[in-house]
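>>> sharing a model that was predicted from the sequence below.
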Amino acid sequence: MGSLDTGVPLKRAPLLRSWSSSRDDRRPFLHRPRSRFARFLLFDKVDYLQWICTVAVFFFIVVIFQAYLPGSMEKSGVSVEETNIVSGDMVFLEEISKLDFGEGIRFEPSKLLEKFRREAKEVNLSSASSRPRVRSGVKKPQLALVTFVSMTVNSFKLFDLDLYLKVFADLSVEPGQLLMVSVAVSLRKIGYTVQIYSLEDGPVHAVWRNMGVPITIIQTNTAEIAVDWLNLVQEPFKSLPVIWTIHQRTLATRLREYTSNEQIKLTNDWKQAFNRATVVVFPNYILPMLYATFDAGNYFVVPGSPTAAWEADKFMALYNKDDLRVKMGYGHDDFVIAIVGSQFFYSGSWLEHALILQALLPLFADFPSDNNSNSHLKIVILSGNSTSNYHVTMEAIAVNLRYPSGVVKHIGVDGDVNSFLSMVDLVIYGSFLEEQSFPDILIQAMCFGKPIIAPDLTMIRKYVDDRVNGFLFPKENIGFLTQVLFQVISKGKLSPLARNVALIGKGPARNLMALETIEGYASLLENVLKLPSEVVPLKVVTEIPPRLKEEWQWHLFEDIIDSKYSNRTLRTYSFLDKVEEQWNRTQMESSGAMSAMDEAFSYTLKDRTDQPRGTWEEVYRSAKKTDRSKNDLHERDDRELERTGQPLCIYEPYFGEGTWPFLHRTSLYRGIGLSTKGRRPGADDVDAPSRLPLLNNPYYRDTLGEYGAFFAIANRIDRMHKNAWIGFQSWRAAARKASLSKISENALLDAIQARRHGDALYFWARMDEDPRNPQKQDFWSFCDAVNAGNCRHAVSEALRKMYGIKHDLNSLPPMPVDGGTWSVMHCWALPTRSFLEFVMFSRIFVDVLDSQMYDEHHQSGHCYLSLSKDRHCYSRVLELLVNIWAYHSARRMVYVNTETGVMLEQHKLNSRRGQMWIRWFSYTTLKAMDEDLAEESDSDHPMRRWLWPSTGEVFWQGVFERERNLRHRQKEKRKQQSKDKISRMRRRFRQKVIGKYVKPMPEEMGDSNSTVITTTASG
């Protein structure tokens, strides 16, 4: 398991076995490394009577322990005969040294921590590059809290988010909601914005609404194409950071059932969900071990949760302590002491419990007995599970220590712990393991108002002050525990001091670990998120106000009453049943579709087998006829037929199955897949890599983005695009609900057919309404904001190199602020002829950008247009390039309102006079540059790495003349071949006629075939 220091299986015995036991078996005993507990017994001062009693207890239970608790302790390897030789003390010490006291148990997210360190180092190296990078800080980072389900949606605004955080199933009242509300309140104070997405509404909707957090209740529609929003494993969402929080062990139990039932497919799907998450967060250190089978090195622990306090409050409001005592078999005068321990099970825990029981023996003098000689002191050990044999061991220890029968009992932690803790009088923590976080069982006991006694372990001493909110005793001197007990118990009841300590500890216990939890989530987000340059710099975690991070937001839930759900575990099981039912339905539909295809294929084969073959001449004629007509009689769907008669076709570039719900299926639109994989089934989409092989390279597919689709369509455009106008629309526009409505589509088509604006650029995604531009910046300021402050430099240097401008001249074209807006997100339409001119300019511009950035970006993943590693590098510059070309090529720019279809011209031509660089962007200039590059590529065949020839056609006058000469030579060759054939036919040798056959007449033919027989009579 990648995130754990030790490979910890789920079986009880090997789970906590000491690492040194197998490694040092052959060393002499006195030279072996000691465990902490063994060193305490050997070298610290222990009360002599306590030592003798402990030795006696050990010898009495060792046989029973080995018989009834298999696997909890290794075989000592000492026979009975050897025991008679070796002294009793030495055997005891040797057995103790082989017990494990949990020292090897420690969760360390080593892979994640190493990843965070490596990424921080890379950021520091990239910041030292030649070009300084600037964070503009114009928008806040967005976090999405999303329900934990797979869903099919019509519209889901996900791509704008910086983080996708899966935390709960719906908006019902539960401690997980309280935790996330508290975390969200603090995160908003340091600069984050939060959005809530849920499949089901609930009472907590009011809490989020009162906080001002937008909530989206997602409507599912099974008729649409299903996209796995649970795991986000499809492109383009694979790179979106996903944090998955797990607060219960219910799913771990269900996953073990899947494994035991050999439901391999379902288990693998869950494993894929765990692997997809960037980080899987747990609130304690036991849950990562329960989910160890699915650990991909992405497990992380943010300790702390309000669950214990939440359940204590709910439980005390529903049940009465005295009724629970009677129900569990205890009287009103009984004094019940609970011995609790670590959440981990290890073989040395029985000895720790034996020592605690030894320290409790003197208390019996203060407790009277009833008429049946039954003591009113009751001791219950909460450890292990109810099905184990651990209770046999505890009863044997109690008998050997001369405890009265029935005083000491054992219950498992898998029982009703809330009922048990609510009715006990005192809780003693009986584990000496140094935990990584404060034990949850102690928080729960303190929230029930119980006084606690615990050893002075580091993590406990951090939150418990002796005689203030709890009682501590030195872990090296267990005998001191008896003295503490006499301070806590007086005359068979809790002393006033103990009651006061319990009362003081109850209040802070409700918010214990809140500070660590909130700061832990904030720190985790700092490491996980790689925010773009337009995001506001976040405040540091220490700037969260103490009043927000030191308490859970209990007051926000005071007025909420949730009567729908009372048992979180049952509700979780019900939710998992729904997920499993949905998964089974999906699998059945998939298998049904496959069987239908197989059946159809078998019938096809049968039809082909049963059809009459005919003669060879008939088969030949049929094949030739099919071959001649296959191009003419190509079957087309209705949308393709309608598209041929329209003046405009809008292409929607997409990459991956995650974009399918946002693509249109009407005749006006046509998809173009940037990858051969992930294309929509049954749709008439264009396969961009087949038209432009450059897109088979993942580097350029990511870097160019939608421009890959532009280049693919422009490459030999006459073969596929027959319309007079061409348009493009990003799938993001549909996701933002900013795509053309039916009204605006008709308005655009009417304007094109009426030639209302001539050769114009129509666009419908405005820069001043873009979420990245809340401050409505001007063109170059916005471009710098989304490109780490280096947009002006990149464009200026690219144009300088394109046109060979001297360094002392300004090469940045002006984009004035005149009250108009600009196009973003590749949502525009142009005449097809103008589109080809724009692509001609873009190919040269992209080639220059690539030559500047390829080496650094391809090797390290960094470029000076981004603050961190970025696969898309200069795609944000290219997003705005159409505005520069359209403005300076003197084309009208018209904005189309997506709702009403109203059109408004931007940057009118009269206001541009004196500011346009028409000569630079004219068709004559661009055509001359394009032919120069084509001539160089065609004639010189340069050996350097050069992008331009791979982005489209290479054509110049020399190519035209060469093709014309080639056609002329082929024509002359065909003429010569025809002449040669005729000449050969004339010179061919003809044999003279040997004779001439004349066919006789029918009568003559009949006579010649008859036979005349003449007979002579003899006289």
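Sure, I can see it.
>>> assumed Y521 was part of a helix.
Yes: assessed by DSSP: H, G, I helix; E, B strand; the rest coil, Y521 belongs to a helix.
>>> what sits against it?
The contact partners of Y521, taken as C-beta atoms under 8 Å, 6 or more residues apart in numbering, are 183, 187, 281, 302. C-betas here are computed from N, CA, C, even on glycine.
>>> repeat that for 7 Å
Going by C-beta atoms under 7 Å, 6 or more residues apart in numbering, Y521 touches 183, 302.
>>> does the nearest residue to Y429 once chain neighbours are set aside count as helix, strand or coil?
Distance criterion C-beta to C-beta, 6 or more residues apart in numbering; nearest residue to Y429, sequence neighbours excluded, is A454 at 3.7 Å. Recorded secondary structure, A454: strand (three-state DSSP).
>>> model confidence for A454, exactly?
A454 carries a pLDDT value of 93.
>>> with I217 instead?
Here, the pLDDT recorded for I217 equals 78.
>>> that one and R736, how far apart?
Going from I217 to R736 by C-beta to C-beta, to the nearest Å gives 18 Å.
>>> neighbour count: those two, which is higher?
Higher neighbour count among I217 and R736: R736, with 19 against 15, using other C-beta atoms under 10 Å.
>>> phi, psi for that one please.
Per-residue torsions, R736: phi -80, psi 0 (degrees, to the nearest 10).
>>> gap between it and R967?
Separation of R736 from R967 (C-beta to C-beta) stands at 51 Å.
>>> check K981 too.
For K981, the distance to R967 - C-beta to C-beta - is 21 Å.
>>> same question for W660.
As judged by C-beta to C-beta, W660 and R967 stand 45 Å apart.
>>> domain boundaries for this structure, per the record?
138-305+517-556, 307-367+374-510, 633-938 (the TED database).
>>> now for the ones you listed, which one comes closest to R974?
Nearest of the domains of the chain to R974, taken as C-beta to C-beta: domain 633-938 at 26.0 Å.
>>> that closest one: how far from the chain's middle?
On the basis of C-alpha atoms, centre = their mean, to the nearest Å, domain 633-938 sits 30 Å off its chain's mean C-alpha point.
>>> average model confidence for it?
Domain 633-938 comes out with an average pLDDT of 89.
>>> what is the host helix or strand of A794 packed up against?
Here A794 sits within helix 791-803, counting by DSSP states H and E. Packed against helix 791-803 by the contact rule (3 or more C-beta pairs under 7 Å, 6 or more residues apart in numbering; DSSP states H and E) you find helix 779-785, helix 832-860, helix 875-879.
>>> just put those in a markdown table and tack on mean neighbour count.
Converted to a markdown table, the helices and strands packed on helix 791-803 look like this (neighbours: other C-beta atoms under 10 Å):
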| stretch | mean neighbour count |
| --- | --- |
| helix 779-785 | 22 |
| helix 832-860 | 19 |
| helix 875-879 | 21 |
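>>> residues making contact with the helix or strand V380 falls within?
Using DSSP H and E, V380 sits within strand 377-382. By C-beta under 7 Å, 6+ apart, the list of residues contacting strand 377-382 from outside reads 330, 334-340, 353, 360, 363-364, 367, 394, 407-411, 413, 420.
>>> nearest residue to P303 other than its sequence neighbours?
Nearest to P303 is S437, by C-beta to C-beta, 6+ apart, at 3.7 Å.
>>> that neighbour touches Y285, doesn't it?
Yes: the pair S437 / Y285 is scored as a contact, 6.3 Å apart, by C-beta atoms under 7 Å.
>>> where does pLDDT dip in the stretch 151-300 of the chain?
Residue ranges of the stretch 151-300 of the chain with pLDDT under 70: 151-170, 218-232.
>>> could I get the full set of helices for it?
Ranges of helices within the stretch 151-300 of the chain are 175-189, 205-211, 250-260, 264-276, 287-290, based on DSSP state H, counting those that start in this stretch.
>>> buried deepest among those, which one?
Neighbour counts (mean count of other C-beta atoms under 10 Å) averaged over each of the helices of the stretch 151-300 of the chain peak at helix 175-189, with a mean of 23.
>>> helices or strands next to that helix in the packing?
In terms of contacts (3+ C-beta pairs under 7 Å, 6+ apart), helix 175-189 is packed against strand 193-198, helix 307-318, helix 514-528, helix 546-549.
>>> out of the ones you listed, which is closest to N910?
Short answer: strand 193-198, nearest of those by C-beta to C-beta, at 41.6 Å.
>>> and the angle from that closest one to helix 175-189?
Angle, strand 193-198 to helix 175-189, by axes from the mean of the first three to the mean of the last three C-alpha atoms, to 10 degrees: 150 degrees.
>>> sheet partners, orientation included, of strand 193-198?
Paired with strand 193-198 in the same sheet, following DSSP bridges, are strand 142-146 (parallel), strand 215-217 (parallel).
>>> would TSV of those strands with distance to E476 be doable?
TSV is the format used below for the strands paired with strand 193-198 (distance: least, C-beta to C-beta, whole Å):
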stretch	distance to E476
strand 142-146	47
strand 215-217	55
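>>> closest to G505 out of those?
Comparing these by C-beta to C-beta, strand 142-146 comes nearest, at 32.5 Å.
>>> using PDB, list the CA coordinates for the closest one.
Below are the C-alpha coordinates for strand 142-146, written out as PDB (Å, rounded to 0.1, in the frame of the first residue of the first chain):
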ATOM      1  CA  GLN A 142     -14.100  28.200  -7.300                       C
ATOM      2  CA  LEU A 143     -14.700  25.000  -5.300                       C
ATOM      3  CA  ALA A 144     -17.600  22.600  -6.100                       C
ATOM      4  CA  LEU A 145     -19.100  20.400  -3.400                       C
ATOM      5  CA  VAL A 146     -20.700  17.700  -5.400                       C
END
